[in-house]
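Participant: coords please:
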Amino acid sequence: MILNDIILKNVVVFTFLGIFCIFAFMEKKLIYYFSATGNSLALAKEYAKNLNAELCNITSVLNNLSNDQKIETDANVVGLISPVYFFGLPKIVCTFLEKLVIKSKNPYVFAVVTYGGFKGGALNQIAGYLLKNNVKLNYGGAVNTVGTYIKMYDIDSEKIDEKLGKANLKAEKLLTEIKAQKHKIVSPKIDFVSKFMYEKYLKECENNARNFVVDNSCIGCGLCSKLCPTQNIKAAAGAQVFSPCEAENETAERAVTFFRPGFSNKCQQCFACVHWCPKQSIQYTESTRGRKRYHNPKVSVEEIKWS
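Facilitator: Numbering: from 1, shown residues only. Reported below is the predicted structural model:
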């Protein structure tokens, strides 16, 4: 009887020790992502599922952070998935990387960027930002997918499925290598062309409120403000007041709650507001008028909202 009790106690002890060891040595995995039209988020969701990693929205993190606060993680595997904006990273991703502190020893860090035209120096930028914090980018990859820079070009509807199919195949190939924690080192040095073109993007982001046009088809839903990652869209002055001809057909309650978008100068040209507007009422200069809007079919608007 005593022997049985001793055996039972040992079994219990070793069982708890086994469970403790499993959790102690289990890798903590985290994927940070930024996405406006869904291409990067669709990829991030697939990677998180296959890697058993936690997903973290960069927009939500930054908008709930004080100016001088750092973003710390002790994850053993850290991923970053972001679109490419005009040969480089979205400004919001640069801000995130400046604040990121990876505290774990010898972490496996990977980055995958999605792009429609040219991947430029986006991966090199990521490598550079990480290096400033003494962290190495172990693996960098790029996936060519549907381009969404609507200001510059229209989207060919007939080629969307083909583009997404090829993008999925490339993403799967990269995922296989990332799961095996292979290394594909990226230099922090950015080539001249990418640097030159990226400077043009940064310049375009200055004083660009004047480029937005809101058509009379706007229904005042306010979706654009909930999507904007930089909180650049607010109700315009006098937005709650209808013109006389509109007021005749609207109730007083409707007139009070109507949201008319007003833009400041913090736009980073993600164009979420342009692509997701249910009435296609938002234009970025007249160049976007009549052009096809797009968002990844695997992503809903609710997943893009940060607020």
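
Participant: tell me the phi and psi of Val112?
Facilitator: Backbone torsions for Val112, taken as degrees, to the nearest 10, come to phi -130, psi 130.

Participant: ok, and the closest non-adjacent residue to it?
Facilitator: Nearest in space to Val112, with sequence neighbours left out and distances taken as C-beta to C-beta, 6 or more residues apart in numbering, is Gly141 at 4.8 Å. Using the backbone N, CA and C atoms, a C-beta is placed for each residue, glycine as well.

Participant: could you pull out the strands for the protein?
Facilitator: Under the criterion DSSP state E, the chain contains strands at 29-33, 54-57, 71-73, 77-83, 100-102, 108-115, 139-144, 212-214, 233-235, 261-263, 282-284.

Participant: could I get these as CSV with mean pLDDT, mean neighbour count and distance to His183?
Facilitator: Converted to CSV, those look like this (pLDDT from 0 to 100; neighbours: other C-beta atoms under 10 Å; distance: least, C-beta to C-beta, whole Å):
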stretch, mean pLDDT, mean neighbour count, distance to His183
strand 29-33, 98, 21, 17
strand 54-57, 97, 17, 23
strand 71-73, 96, 15, 21
strand 77-83, 98, 27, 13
strand 100-102, 97, 17, 17
strand 108-115, 98, 25, 9
strand 139-144, 98, 20, 6
strand 212-214, 94, 18, 43
strand 233-235, 87, 19, 41
strand 261-263, 92, 21, 43
strand 282-284, 96, 21, 40
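
Participant: distance to Cys224 added to those, as CSV?
Facilitator: As requested, the strands of the chain are exported to CSV (distance: least, C-beta to C-beta, whole Å):
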stretch, distance to Cys224
strand 29-33, 21
strand 54-57, 18
strand 71-73, 26
strand 77-83, 19
strand 100-102, 28
strand 108-115, 22
strand 139-144, 27
strand 212-214, 9
strand 233-235, 5
strand 261-263, 5
strand 282-284, 6
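
Participant: lowest average confidence, helix or strand, in the chain?
Facilitator: Using mean pLDDT, DSSP states H and E, helix 244-247 stands out as the lowest-scoring helix or strand of the chain, at a mean of 41.

Participant: just the pLDDT at the spatially most central residue of the chain, thanks.
Facilitator: Nearest to the geometric centre of the chain sits Phe34, at 1.1 Å (C-alpha atoms, centre = their mean). With respect to pLDDT, Phe34 scores 98.

Participant: who touches the closest residue to it other than its chain neighbours in this structure?
Facilitator: Residue nearest to Phe34 in three dimensions, not counting chain neighbours: Ile58, with 4.4 Å by C-beta to C-beta, 6+ apart. Applying C-beta atoms under 8 Å, 6 or more residues apart in numbering to Ile58 gives the contacts Tyr32, Tyr33, Phe34, Ser82, Ile92, Val93, Phe96.

Participant: just Pro188 next, same as before
Facilitator: Contacts of Pro188 by C-beta under 8 Å, 6+ apart are Asn124, Gln125, Ala127, Gly128, Leu131.
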